[in-house]
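Novice: Sequence first, predicted coordinates after that:
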Amino acid sequence: MNMGERLRELRLARGISQEEVARHIGITRSAYSHYEINNRQPVYETLIKLADFFDVSLDYIIGGNPPKYRDSAANAEDTEILRLLQDMNREQRQQSIGLLQDLVHKDAGSRR
């Protein structure tokens with residue numbers, strides 16, 4: 001997977017627009033769009049901002065391997081969740097995220 005594909009994947013997994021990413025890292029939407037379609041390569045400082053924004057390593061942004069997971073079953077579940085989220089529209093993703101947050105908060109409350 002090349003860097004443009006990786007950036008697009010990360011953005012879609014968050015359910016945000018190119019405009020939102022560009023605004024957060026301080027560039028134009030057009031410049032960011034060129035990164036996703038591999039017409040341009042970001043400068044080092046922008047790479048750092050992208051990695052920070054998406055909460056991944058620089059290595060992952062530029063095409064390195066994804067982080068290793070200890071539990072391959074959990075990795076398969078994570079991949080399935082991301083795939084399902086990517087297939088949803090924005091409203092469906094936001095509803096799903098809300099449901100997941102409710103479940104996590106309820107579970108955390110029952111452990112107290």
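Specialist: Received the coordinates, thanks.

Novice: drop to CA atoms for contacts and neighbour counts, all remaining ones
Specialist: OK.

Novice: How about residues contacting stretch 30-41?
Specialist: Contact with stretch 30-41 is made by 3-8, 18, 21-22, 42, as judged by C-alpha atoms under 8 Å, 6 or more residues apart in numbering.

Novice: quick one: which helix or strand includes the residue nearest the centre of the chain?
Specialist: Centrality entry for the chain: nearest residue to the mean C-alpha point is residue 10, 2.8 Å, by C-alpha atoms, centre = their mean. Counting by DSSP states H and E, the element that carries residue 10 is helix 3-14.

Novice: Now that helix - C-alpha only, CSV.
Specialist: These are the backbone C-alpha positions of helix 3-14, laid out as CSV (Å, rounded to 0.1, in the frame of the first residue of the first chain):
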residue,chain,number,x,y,z
MET,A,3,1.4,6.5,1.2
GLY,A,4,-1.6,8.0,-0.6
GLU,A,5,-3.7,4.9,-0.1
ARG,A,6,-2.6,4.8,3.5
LEU,A,7,-3.7,8.4,4.1
ARG,A,8,-7.0,7.8,2.5
GLU,A,9,-7.6,4.6,4.5
LEU,A,10,-6.8,6.5,7.8
ARG,A,11,-9.0,9.4,6.9
LEU,A,12,-12.0,7.2,5.9
ALA,A,13,-11.5,5.1,9.1
ARG,A,14,-12.2,8.3,11.0
